[in-house]
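Student: Sequence and predicted structure below; questions after.
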Amino acid sequence: FIMPTYINSEEIKMPNECYNKIIVRGNKSEVARLEAFVTSRNSDFDFEKIVPFTTPDGKWDYDWVWKNWGTKWNAWGINAYQEGEDLIYTFMTAWGPSLLVTTRLAAQFPNLEIIHWFEEPNADFSGRSVFRNGKEVLSEEGGFGDFRLHDDDWFYNDFDWDDSDTEEDEPDKKEENSEL
């Protein structure tokens, strides 16, 4: 896994929220084993269960989490649910997807197929990675909305990327009213 070029932690000070969706497929008992493995007392999908936080002094280390998780914090806003035979997790991360965590998870569960979809509207990127036999077999990236996590267009319609309708482009209301 190579850190995506759209993420430069030196330039970004305030994190944007990256939407993530992980789909887990395979043998029912192996899927259940993964579900138990990633669940902690505090979270249904805890990065620390997959890639344990380890620093010499045990204190929070931004550089460590960035290099090992690919994001600033653990996942938040987590939803875990079954859809047919698939186990699905949706959650948020800071700046970009947690593909480093997913890569480690796939290596720990090589008999499962894991698909990680992600998108970030403010930085205008999206993509997916597919893991089989413990390895990434497909990685695709594009602009926001190119790889959709949501089936409903309402989600994508909330983001207006067209700058042509700014106030500067609107006629001056005072001039219009002065002719009356």
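Tutor: Done, it's in.
Student: so where do the helices sit in the protein?
Tutor: 28-38, 47-50, 62-69, 99-108, 153-157, 173-178 (DSSP state H).
Student: Convert the third one to PDB, retaining C-alpha atoms only.
Tutor: Taking Å, rounded to 0.1, in the frame of the first residue of the first chain, the C-alpha atoms of helix 62-69 are listed here in PDB:
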ATOM      1  CA  TYR A  62       0.500  11.500  15.900                       C
ATOM      2  CA  ASP A  63       3.300  10.300  13.700                       C
ATOM      3  CA  TRP A  64       2.700   6.700  14.800                       C
ATOM      4  CA  VAL A  65      -1.000   6.700  14.000                       C
ATOM      5  CA  TRP A  66      -0.400   8.400  10.700                       C
ATOM      6  CA  LYS A  67       2.200   5.800   9.700                       C
ATOM      7  CA  ASN A  68       0.200   2.800  11.000                       C
ATOM      8  CA  TRP A  69      -3.400   3.700  10.500                       C
END
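Student: Buried residues of stretch 23-41, list them for me.
Tutor: If you call a residue buried by 16 or more other Cβ atoms under 10 Å, then stretch 23-41 has these buried ones: I23, V24, R25, G26, V31, L34, E35, V38. For glycine as for every other residue, the C-beta is placed from the backbone atoms N, C-alpha and C.
Student: residues touching the fourth one, list them.
Tutor: With Cβ atoms under 8 Å, 6 or more residues apart in numbering as the criterion, the residues that contact G26 are F109, N111, L112, E113.
Student: what ranges of the chain fall below the confidence cut-off?
Tutor: 1-15, 146-180 (pLDDT under 70).
Student: Just the strands from this protein, written as ranges.
Tutor: Taking DSSP state E to define them, one finds strands in the chain at 17-25, 76-83, 86-94, 113-120, 125-132, 135-142.
Student: any idea how far E30 is from the closest residue to S139 other than its chain neighbours?
Tutor: The shortest distance from S139 to any non-neighbouring residue, by Cβ to Cβ, 6 or more residues apart in numbering, is to S129 (4.8 Å). Separation of S129 from E30 (Cβ to Cβ, to the nearest Å) stands at 20 Å.
Student: G145 now?
Tutor: 33 Å.
Student: do the same with R104
Tutor: R104 is 17 Å from E30, by Cβ to Cβ.
Student: likewise D63?
Tutor: 34 Å.
Student: and what of V38?
Tutor: For V38, the distance to E30 - Cβ to Cβ - is 13 Å.
Student: list the contacts for the most centrally placed residue in the chain?
Tutor: Closest residue to the average C-alpha location of the chain: N20 at 3.1 Å, with Cα atoms, centre = their mean. By Cβ under 8 Å, 6+ apart, N20 lies in contact with A75, Y89, T90, F91, M92, T93, P97, S98, H116, W117, F118, L149.
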